[in-house]
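1. Only the shape, not the letters, is given here:
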């Protein structure tokens, strides 16, 4: 975790946008820029200083995790501690994370800071944009999480059998991942069988799985704070002709995208590679979500890879490639890999069989 380099990148961005300081409140951004994993606190970063404000519960934790920061202990109401927190910095303005700060919190900040001559300026996704390009160490941690989810899928191929419920399969997967190195899973395991497989984010239920029907399994592991995302569509027993036909279309779309996506490509153009294949096969209205999304500290972050995305894909970005077809009267198929852009091309991190 190269905190110094991350702060340097952020300060360059602040300079380019002619901003004096930024107040970081979003928890994942706070961790990314400081290493502090506590649940409460603020970072205040200027051109030549970085401060971390938190309460008594985390004082010792900050000393261990964020030694590069000047610690400020929060005591009492914000109106009492915030003026002292910003004192002596000579600030005339302060950027804040508009996607994280509620209107109520903004109103309180403005009420406290305006009398001090500090103007609030909203920023959108400033730190998230920096996070989108992963450091080698971050990619290595994601690969650890990918290996756990790969192993879990291979385990469930043999452990699952007709007569189990979706909930039983989901618990078997989660239990396996926790026992093999995952922290708390980053999202609830999705197991969607039969017609439920037509629901992209179906929550596991007491539905009893039958032989021959599609089972969409979407899982993620988390290792040292970084996550994976993996979907495979299984069939217990002999697959029928419709399953094989739909599966082959989705697999063809995914393989084409993984082969043809290159650095410098815009998100919507990457999405179109897979979408065109599905559309041509006659299922244009049955693939209703984007082709993929970035992941790292959380399972959905920059970049976006969808039909409306203007994000430019760059080397070092880690994201998913997950086309799908969903037929309400039958079920669905989704196949998802975690991938990274390196040397202009995609390297597929997910190794589980397709």
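-> That came through, no problem. Every value quoted in this text rests on a predicted model; they were computed, and no experiment measured them.

2. Name the residues that touch the strand or helix carrying residue 60?
-> Assigning secondary structure by DSSP states H and E places residue 60 in helix 59-65. Contact partners of helix 59-65, identified using Cβ atoms under 8 Å, 6 or more residues apart in numbering, comprise 34-38, 41, 52, 54, 69, 71, 73. In short, each C-beta sits where N, CA and C put it, glycine included.

3. List the residues that contact residue 23.
-> 42-44, 94-97, 109.

4. So what does it have for phi and psi?
-> phi -100, psi 120 (degrees, to the nearest 10).

5. Same question for residue 340.
-> Torsion angles, degrees, to the nearest 10, at residue 340: phi -130, psi 140.

6. List the residues that contact it.
-> Under the criterion of Cβ under 8 Å, 6+ apart, the neighbours of residue 340 are 134, 139, 142, 316-318, 346-347, 349.

7. Just give the nearest non-adjacent residue to it, would you?
-> In space, and not counting its chain neighbours, residue 340 is closest to residue 318: 4.8 Å by Cβ to Cβ, 6 or more residues apart in numbering.

8. Kindly confirm my reading that that neighbour is in a strand.
-> Yes - secondary structure assignment places residue 318 in a strand (DSSP: H, G, I helix; E, B strand; the rest coil).

9. Distance of it relative to residue 224?
-> Counting by Cβ to Cβ, to the nearest Å, the gap from residue 318 to residue 224 is 15 Å.

10. Just want to know which of these two has more residues nearby.
-> Between residue 318 and residue 224, counted using other Cβ atoms under 10 Å, residue 318 has the larger neighbour count: 27 against 14.

11. and the gap between that one and residue 37?
-> Distance from residue 318 to residue 37, by Cβ to Cβ: 21 Å.

12. and if you look at residue 226?
-> Residue 226 is 13 Å from residue 37, by Cβ to Cβ.

13. Compare neighbour counts for the two and give me the winner.
-> residue 226 (25 against 13).

14. For the residue nearest to residue 237 when sequence neighbours are not counted, grab the count of nearby residues.
-> With Cβ to Cβ, 6+ apart as the criterion, residue 237 has its nearest non-adjacent residue at 3.2 Å, and that residue is residue 211. Counted with other Cβ under 10 Å, residues neighbouring residue 211 total 12.

15. part of a helix, is residue 211?
-> No - counting by three-state DSSP, residue 211 falls outside a helix, being coil.

16. Check the offset of the lengthiest helix in the chain from the chain's centre.
-> Counting by DSSP state H, the longest helix found in the chain is helix 136-159. Helix 136-159 has its C-alpha centroid displaced from the chain centroid by 16 Å (Cα atoms, centre = their mean, to the nearest Å).

17. in that helix, what counts as buried?
-> Neighbour counts over helix 136-159 (16 or more other Cβ atoms under 10 Å) mark 138-139, 141-153, 155-156 as buried.

18. avg pLDDT for it?
-> For helix 136-159, mean pLDDT rounds to 98.

19. and the next element down the chain from it?
-> helix 166-179.

20. Which element is encountered next along the chain beyond that next one?
-> Next element after helix 166-179 (DSSP H and E): strand 190-193.

21. Can you give the strand pairings for that following strand, parallel or anti for each?
-> Strand pairing for strand 190-193, determined by DSSP bridges: strand 214-219 (antiparallel).

22. what angle do the partner strand and helix 166-179 make?
-> 30 degrees (axes from the mean of the first three to the mean of the last three Cα atoms, to 10 degrees).

23. mind listing what's buried in the strand or helix carrying residue 104?
-> Residue 104 is part of helix 103-113 when elements are defined by DSSP H and E. Using 16+ other Cβ under 10 Å as the burial criterion, the residues of helix 103-113 that qualify are 108-109, 112-113.

24. Please identify the residue most distant from the middle of the chain.
-> Distance from the C-alpha centroid of the chain peaks at residue 115, with 38.5 Å (Cα atoms, centre = their mean).

25. Break the chain into its domains for me.
-> Split into domains by automatic domain parsing, the chain comes to 3-131, 136-348.

26. Which stretch among those domains is buried most, on average?
-> domain 136-348 (a mean of 19; mean count of other Cβ atoms under 10 Å).

27. okay, how far is it across that domain, tip to tip?
-> 15 Å (Cα to Cα, to the nearest Å).

28. Please state the mean pLDDT value computed over stretch 219-229.
-> So the average pLDDT for stretch 219-229 ends up being 97.

29. What's the end-to-end length of that stretch?
-> With Cα to Cα, one end of stretch 219-229 sits 6 Å from the other.

30. Now do it: everything it contacts.
-> 31, 37, 138, 141-142, 144-146, 148-149, 152-153, 173-174, 177, 181-187, 189-190, 218, 230-231, 295-299, 320, 322, 336, 338, 349-350.
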